[in-house]
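Colleague: Here is a sequence with its predicted model. Questions after.
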Amino acid sequence: EQVTKEDDYLIYVESDLIWDEKALACLLEDLESHDYIGAVAPFSIHEPTDLFYDTWGHRKNGVRFRPHIPYHDEVMSDLTTIDSAGSCLVMRGVVARKCRFDPPEEGIVGFCQNIRSHGFSIYVDPQVRIYHP
């Protein structure tokens, strides 16, 4: 589907994830409460091991997240800027309309690079978790 000019937000969630309305509502609240955030991601956790799942996509300052706590030395318990996310990303409509998966072979990491190249910020909210079975 195409994002229209009337769409305020877009939620990107990969099909193999387990999430609930509360988690996505928290991410939307992050956007509504902080106008400087272009997109926000949750922590992506493997269920049942509690290891961080998307260590390929989630990066900060060029460093990938680790499977074990602490998942990243520069990401604690508050909203934090990141280079890229994986698995799930909630973004403003303007971000979805302007940005593309470019280059396509980079997947969501390339998409996040494109978001940042357009001047938008990406954050992670460590308080919000979605799960990969």
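Modeller: Looks like it arrived, so ask away.

Colleague: now the chain, which segments are flagged as low pLDDT?
Modeller: Applying pLDDT under 70 to the chain flags residues 1.

Colleague: Centroid-nearest residue for it?
Modeller: residue 41 (2.6 Å; CA atoms, centre = their mean).

Colleague: So that one lies in a strand, does it not?
Modeller: Yes - according to DSSP: H, G, I helix; E, B strand; the rest coil, the state of residue 41 is that of a strand.

Colleague: Contacts only, for residue 11.
Modeller: Going by CB atoms under 8 Å, 6 or more residues apart in numbering, residue 11 touches 24, 27, 28, 88, 89, 90. Where you see a C-beta, it was placed from the backbone N, CA and C, and this is true even at glycine.

Colleague: Distance check, the residue nearest to the centre of the chain against residue 5.
Modeller: Distance, residue 41 to residue 5, by CB to CB, to the nearest Å: 24 Å.

Colleague: ditto for residue 70
Modeller: Following CB to CB, the distance that separates residue 70 from residue 5 is 41 Å.

Colleague: Give me the more crowded residue out of those two.
Modeller: Set side by side, residue 70 and residue 5 show more neighbours around residue 70, with 11 against 7, by other CB atoms under 10 Å.

Colleague: The residue lying closest to the more buried one once chain neighbours are set aside and residue 82, how far apart?
Modeller: Distances taken as CB to CB, 6 or more residues apart in numbering place residue 76 nearest to residue 70, at 7.9 Å, with adjacent residues excluded. Remark: distance between residue 76 and residue 82 (CB to CB) = 13 Å.

Colleague: what's across from the residue nearest to the centre of the chain in the sheet?
Modeller: For residue 41, the beta-bridge partners are residue 124 (DSSP bridges).
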